[in-house]
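[1] okay, sequence plus prediction incoming.
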Amino acid sequence: MLLLAIVTAQVLDPVRIVVLGIIFGVTRLASNWTVGLLGLVVGAVIVAFAFPFLVLGQTGMLAEMSALAGLLANALVVAVLMGLTRLRRGRSC
């Protein structure tokens, strides 16, 4: 139950959504799609591990579990952003 609560809290965190949205928007500007995808993955991993340790100040097992749950939450947020972008472009991307 604790892991589900952590993932839900992270998916609904507005700061995380805005930061991932900015990273997603910037990586869409890359001329080569592999460079953009690499930047998006690196950004999502940095956000997943930076929030529990640096922003929230957690330590120990809770921080590690929050970071791993953050990877899942970031993947869900990025998937929603990609889906919205694909719907907006009319399935042409």
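    Received it, and whenever you're ready, just let me know what you need.
[2] going by C-alpha atoms from here, please, whenever you check contacts or count neighbours.
    Fine.
[3] what helix or strand is residue 61 on?
    Assigned by DSSP states H and E, residue 61 belongs to helix 60-88.
[4] what's the offset of that helix from the middle of its chain?
    Between the centre of helix 60-88 and the centre of its chain there are 4 Å (C-alpha atoms, centre = their mean, to the nearest Å).
[5] and stretch 31-38, by the same measure?
    The answer for stretch 31-38 is 17 Å, by C-alpha atoms, centre = their mean.
[6] residue 8: how many residues sit nearby?
    14 (other C-alpha atoms under 10 Å).
[7] correction: the previous question concerned residue 44.
    Residue 44 is flanked by 25 other residues according to other C-alpha under 10 Å.
[8] tell me which element it falls in.
    If you go by DSSP H and E, residue 44 is part of helix 33-50.
[9] return the alpha-carbon coordinates of that helix using CSV.
    The C-alpha coordinates for helix 33-50 follow below in CSV (Å, rounded to 0.1, in the frame of the first residue of the first chain):
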residue,chain,number,x,y,z
TRP,A,33,15.1,12.0,-32.4
THR,A,34,17.6,9.7,-30.7
VAL,A,35,19.3,12.7,-29.0
GLY,A,36,15.9,14.0,-27.9
LEU,A,37,14.9,10.6,-26.5
LEU,A,38,18.2,10.2,-24.7
GLY,A,39,17.8,13.7,-23.2
LEU,A,40,14.2,12.8,-22.1
VAL,A,41,15.3,9.6,-20.4
VAL,A,42,18.3,11.3,-18.6
GLY,A,43,16.0,14.1,-17.5
ALA,A,44,13.3,11.7,-16.2
VAL,A,45,16.0,9.7,-14.3
ILE,A,46,17.5,12.9,-12.8
VAL,A,47,14.0,14.1,-11.7
ALA,A,48,13.2,10.7,-10.2
PHE,A,49,16.3,10.6,-8.1
ALA,A,50,16.7,14.3,-7.3
